[in-house]
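# need a structure here:
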Amino acid sequence: MRKGLVALLKGKFLVSGDAPRNWLFIVFASVLATIMIASSHSADRKVHEIAALNEQVKELRSEFVEMRSKAQRLKLESTIREAVAEAGLLPAETPPRKIIVEKNSD
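Residues are numbered from 1 along each chain as shown. Take a look at the predicted model:
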């Protein structure tokens, strides 16, 4: 057991008779590790991008609700009366009358 551990630490498996097979495995494992690390970084980048987009959606939804409520307040009759009163316009005291046009049977 001790000899095997010492041989491993000295790197004898890299220079022994079947070293090319060991080197192939080491290169293969290194390539797989590199691919795994790149994939992990890509996934992390996408997670951060999704989080940023979710925050942007929340902000835009909040802004939309605020603008919609502001537009509804501006459409209220009381708000319109105040705005036109500043211009000197007042509501009519007499209600509007309906004009009926009769068709001629010519």
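# tell me how far the helix or strand bottoming out on mean pLDDT in the chain lies from the chain's centre.
Using mean pLDDT, DSSP states H and E, the weakest-scoring helix or strand in the chain turns out to be helix 2-10, at a mean of 78. Here helix 2-10 is found 54 Å from its chain centre; the criterion is CA atoms, centre = their mean, to the nearest Å.
# tell me how far the residue nearest the centre of the chain lies from residue 61.
With distances taken as CA atoms, centre = their mean, the residue of the chain nearest its centroid is residue 53 (1.9 Å). Taken as CB to CB, to the nearest Å, the spacing of residue 53 relative to residue 61 amounts to 12 Å. Where you see a C-beta, it was placed from the backbone N, CA and C, and this is true even at glycine.
# so what's the residue count around residue 80?
By other CB atoms under 10 Å, 13 other residues sit near residue 80.
# likewise residue 22?
Neighbour count of residue 22, defined by other CB under 10 Å: 13.
# quick check, it in contact with residue 14.
Yes. Proximity of residue 22 to residue 14 meets the contact threshold set by CB atoms under 8 Å, at 6.2 Å.
# if we can go back for a sec, now for the residue nearest to the centre of the chain: which residues touch it?
By CB atoms under 8 Å, 6 or more residues apart in numbering, the contact set of residue 53 is empty.
# tell me the secondary structure for it?
Each residue gets one of three states, and residue 53 gets helix by DSSP: H, G, I helix; E, B strand; the rest coil.
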